[in-house]
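Peer 1: would you be able to build a 3D model of this:
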Amino acid sequence: MGGRSRRPALLFSLGVMAFMLILNCLTPLVADDYVYTVSFATKERLTSLSQIFPSMYVHSLRMNGRVISHGIGQIFMLMPGAVYDAANAGVFALLIYILARVAGYGGKFSLRLEAGIFAGVWCFVPNFGQVALWQIGSVNYLWGLTVGMLFLCPYIYRFLNGGELIKNPWGRAAFTLAALPAGMYIEGMSFVAIFLAACLLILSRLMDKRSLRTWLLAPLALAGMGYCALMLMPAESAAKMGSFELMALIRGFLRCGAMFVKYFTLPSVLYVALFITDIRRGTERRRLALSAVFVLGALAANFMLAAASYYEARCASPTAVLLVLADAALMADVRPGKDTLRRAAAIVLAVIFAVCLPVGVWGVAESYAQFRDREEEIFKAVERGETDLTLPVVKPRNAYSAFWGLLDLNTETRDTWPNQWMAKLYGVGSILGRD
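Peer 2: Reported below is the predicted structural model:
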């Protein structure tokens with residue numbers, strides 16, 4: 001990237017970060033967040049880093065295998081909320097920047113391309129609030145997406161340029177060691193990143209006769225080992241028992257297909273139209289192949305959930321991001337003359353974004369206002385000496401709020417999550433939700 005192009009890249013990334021920082025500041029702890037303020041080993045409030053390790057050990061036995069991401073989540077619970085807000089906003093801006101560099105072939109920075117990617121992510125990631133704002137959700141899904149894309153960068157660079165993105169031996173060693181926790185990070189994006197890295201090495205071999213003898217095989221193997229470790233955690237493997245029966249897989253496959261149609265019809269139709277148009281106009285085969293790899297990753301991310309016990313919309317975030325990236329990789333190939341399809345696509349996206357942006361911001365702000373009113377009610381009740389509280393449930397307006405689709409407060413019993421953990425955090429006896 002040239003010196004002149006760094007300034008707009010920096011300014012745009014800072015703008016995205018500032019925008020997301022505001023939204024993060026307007027998103028309090030929600031649902032599972034209260035659970036992760038407490039050690040899984042002792043059921044007591046976390047007060048030190050040393051408590052994280054036994055907590056995650058018990059977590060791996062009872063919850064799932066995401067000890068890396070959930071360990072990070074519990075570390076943030078020990079810090080002021082502003083630390084997480086800033087870190088999460090920075091990770092989001094980093095993800096958008098990486099996607100723009102990949103879609104643009106790592107060439108000169110394009111403000112329109114990065115803005116389009118940001119708009120695409122904002123508009124097409126299902127349950128955006130759960131993916132990018134919910135604290136324990138974002139360290140899983142948003143951070144998992146970023147870790148996965150960072151892992152893929154050297155493989156994408158080798159496929160595009162035939163060279164090595166990381167030339168320093170110490171840098172290669174660090175990347176190789178980091179591949180192990182990257183593979184352990186999360187079930188969806190970690191698998192897809194490993195799968196696509198292998199695909200890119202094979203494509204390099206088939207298209208350019210490049211040798212498969214590369215230092216990148218070592219981090220790929222370590223990432224695979226990390227993923228196996230994740231899936232073999234006791235709670236993780238127990239949850240998968242019965243998921244591979246034939247009828248369960250068929251039902252799961254149909255469910256995944258329905259989710260794909262529901263959320264991703266528009267970006268998929270755009271991709272097919274762009275791909276066919278680009279074949280006819282002789283677009284470089286490497287650009288077409290790279291975009292097809294991202295679509296393959298999107299399909300893998302979606303249909304691998306046929307073996308999952310559930311498919312929440314937030315789990316579709318890798319599919320959404322990879323489809324946006326595939327479209328962006330083709331949209332970036334702008335040539336002089338008429339390009340009606342790309343102009344029409346850009347206009348449609350701009351219109352959708354113009355509607356979704358204020359709707360999303362209002363949804364986040366409105367949920368925060370409800371939360372602040374409730375928190376004020378808690379503080380006044382504590383001043384009056386009350387210990388058993390009945391509090392209003394936050395009712396979100398749309399899926400840009402982290403509260404959307406999550407259990408805010410149980411309205412039937414006090415002795416359950418997240419009520420009991422919220423009560424422990426606020427130092428009261430019990431909490432019951434009311435509609």
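Peer 1: neighbours of Asp373, how many?
Peer 2: Applying other Cβ atoms under 10 Å, we find 12 other residues in the vicinity of Asp373. Bear in mind the C-beta positions are built from the backbone N, C-alpha and C, glycine included.
Peer 1: now do the contacts for it.
Peer 2: The neighbours of Asp373, taking Cβ atoms under 8 Å, 6 or more residues apart in numbering as the test, are Pro392.
Peer 1: please name the nearest non-neighbouring residue to Ile202.
Peer 2: With sequence-adjacent residues excluded and distances taken as Cβ to Cβ, 6 or more residues apart in numbering, Ile202 is closest to Leu212, at 7.9 Å.
Peer 1: touching, that neighbour and Leu201? I think so.
Peer 2: Yes - counting by Cβ atoms under 8 Å, a contact exists between Leu212 and Leu201, whose distance comes to 6.2 Å.
Peer 1: who has more neighbours, these two?
Peer 2: For Leu212 versus Leu201, neighbours defined as other Cβ under 10 Å are more numerous around Leu201 (19 against 10).
Peer 1: so what pLDDT did the more buried one get?
Peer 2: Looking at Leu201, its pLDDT is 93.
Peer 1: ok, now the one 5 residues further on?
Peer 2: According to the per-residue confidence, Leu206 scores 86 in pLDDT.
Peer 1: state the phi and psi torsions of it.
Peer 2: When quoted as degrees, to the nearest 10, the phi and psi of Leu206 stand at phi -70, psi -40.
Peer 1: now Leu432, what's its secondary structure?
Peer 2: strand (DSSP: H, G, I helix; E, B strand; the rest coil).
Peer 1: go ahead and confirm it touches Gln420.
Peer 2: No - look at Leu432 against Gln420 with Cβ under 8 Å: they stay out of range, at 10.6 Å.
Peer 1: pull up the overlap in contacts between Leu212 and Leu201.
Peer 2: Listed as contacting both Leu212 and Leu201 by Cβ under 8 Å, 6+ apart is no residue at all.
Peer 1: lowest-confidence helix or strand of the chain?
Peer 2: Ranked by mean pLDDT, DSSP states H and E, the helix or strand of the chain with the weakest confidence is helix 234-240, at a mean of 74.
Peer 1: next structured bit after that helix?
Peer 2: Note on helix 234-240: by DSSP states H and E, the next helix or strand toward the C-terminus is helix 246-280.
Peer 1: what angle do helix 246-280 and the helix or strand just after that following helix make with each other?
Peer 2: Sequence-wise, the next helix or strand beyond helix 246-280 is helix 285-303, with elements assigned using DSSP H and E. Using axes from the mean of the first three to the mean of the last three Cα atoms, to 10 degrees, the inter-axis angle of helix 285-303 relative to helix 246-280 is 160 degrees.
Peer 1: anything in contact with each of Leu432 and Gln420?
Peer 2: Taking Cβ under 8 Å, 6+ apart as the contact rule, the neighbours common to Leu432 and Gln420 are Arg414.
Peer 1: for the helix or strand hosting Phe195, packing partners?
Peer 2: Remark: Phe195 resides in helix 187-208, with elements defined by DSSP H and E. Using 3 or more Cβ pairs under 8 Å, 6 or more residues apart in numbering; DSSP states H and E as the contact definition, the elements that helix 187-208 packs against are helix 141-161, helix 169-183, helix 217-231, helix 285-303, helix 317-331.
Peer 1: closest to Leu111 out of these?
Peer 2: Of all those, helix 317-331 sits nearest to Leu111, with 13.2 Å by Cβ to Cβ.
Peer 1: what's the angle from that closest one to helix 246-280?
Peer 2: Taking the same axes, to 10 degrees, one finds that helix 317-331 is oriented at 10 degrees with respect to helix 246-280.
Peer 1: CA-only coordinates of the helix or strand harbouring Ile117 in PDB, if you can.
Peer 2: Ile117 belongs to helix 111-124 when elements are defined using DSSP H and E. What follows is helix 111-124, C-alpha atoms only, in PDB (Å, rounded to 0.1, in the frame of the first residue of the first chain):
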ATOM      1  CA  LEU A 111     -12.500   3.800   0.000                       C
ATOM      2  CA  ARG A 112     -15.600   2.700  -2.000                       C
ATOM      3  CA  LEU A 113     -14.700  -0.900  -1.700                       C
ATOM      4  CA  GLU A 114     -14.100  -0.800   2.100                       C
ATOM      5  CA  ALA A 115     -17.300   1.200   2.600                       C
ATOM      6  CA  GLY A 116     -19.200  -1.300   0.500                       C
ATOM      7  CA  ILE A 117     -17.800  -4.200   2.600                       C
ATOM      8  CA  PHE A 118     -18.800  -2.400   5.800                       C
ATOM      9  CA  ALA A 119     -22.300  -1.800   4.400                       C
ATOM     10  CA  GLY A 120     -22.500  -5.400   3.300                       C
ATOM     11  CA  VAL A 121     -21.500  -6.800   6.700                       C
ATOM     12  CA  TRP A 122     -23.900  -4.400   8.400                       C
ATOM     13  CA  CYS A 123     -26.800  -5.300   6.200                       C
ATOM     14  CA  PHE A 124     -26.300  -9.100   5.700                       C
END
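Peer 1: list of residues touching the very next helix or strand once past it?
Peer 2: Sequence-wise, the next helix or strand downstream of helix 111-124 (DSSP H and E) is helix 128-132. Helix 128-132 is touched from outside by 20, 27, 88, 92, 122, 125, 137-138, 141-142, 312-314, 317, 360, 363-364, 396, 399-406, with contacts defined as Cβ under 8 Å, 6+ apart.
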